[in-house]
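Chemist: No sequence on hand, only this structure:
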């Protein structure tokens, strides 16, 4: 009996171990060979750095200032006996658009005091339209010489002198006339003569070089807006550089 019980116990033990091993195998078998890994970390959302905006180019600005003048400012262009006194004149210091297509500060015109504000408006228009001017200096820089001022292609206004070819006062003697780019816009006699050799080619008014004034263009219209006339409209002699309050 004891031997038989021992055999039964041994058989039971063997069976128990086998079942236990089988269950253990079942529990692990379904995951055998598989790999588990931590879930991937989602990428952090990043935004591109905002592009640096291109700097905005500030348009050139027109500036003008009207100043009183004295006889000391006009030592070559004014003298006793002139039809207007220094107190009746003003200096306009202003920005102008150059032949180099750039703004230039410090342009100066001496004009009649009564017309100064209107003329600032005219030159503001010309600046805005980018009409080019070679230079703008009082004729005193040239010791009052109209000829030398023209040779320099200088835009100028007041000069106490007689009208070209006459004995009466020029409109310039009142500060009521302005000559603009006088080489590109020469004084041409009825017989076709031009006093400045470098300017002869501009007798041909079909020329489209910068600064050349044409009938009805932006320069003529700007002066017409304040009632000033153009010497290019004269019959016979033509003064293409010349604008005046009287039209003469």
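Modeler: Structure's in. What do you need? No experiment lies behind these values; they were computed from the predicted model shown. Numbers count the residues shown, from 1 in each chain.
Chemist: Can you measure across stretch 104-124, start residue to end residue?
Modeler: By CA to CA, to the nearest Å, the extent of stretch 104-124 from end to end equals 13 Å.
Chemist: For the residue most central in space within the chain, give me phi and psi.
Modeler: Nearest residue to the geometric centre of the chain (CA atoms, centre = their mean): residue 60, 3.8 Å. Phi and psi for residue 60, reported as degrees, to the nearest 10, are phi -60, psi 140.
Chemist: How about the contacts made by the residue nearest to it when sequence neighbours are not counted?
Modeler: Nearest residue to residue 60 in three dimensions, chain neighbours excluded: residue 103, at 4.1 Å (CB to CB, 6 or more residues apart in numbering). The way it works is simple: take the backbone N, C-alpha and C, and place the C-beta from them, glycine included. Neighbouring residues of residue 103 by CB atoms under 8 Å, 6 or more residues apart in numbering: 60-61, 95-97, 127.
Chemist: redo that, cut-off 10 Å
Modeler: By CB atoms under 10 Å, 6 or more residues apart in numbering, the residues touching residue 103 are 59-63, 95-97, 127, 130.
Chemist: Repeat that for residue 210.
Modeler: Counting by CB under 10 Å, 6+ apart, residue 210 touches 97-101, 130-134, 181, 184.
Chemist: Over to residue 237?
Modeler: By CB under 10 Å, 6+ apart, the neighbours of residue 237 are 164-165, 187-191, 193, 231.
Chemist: What is the nearest of those residues to residue 116?
Modeler: Of all the contacts of residue 237, residue 231 has the smallest distance to residue 116: 21.3 Å, by CB to CB.
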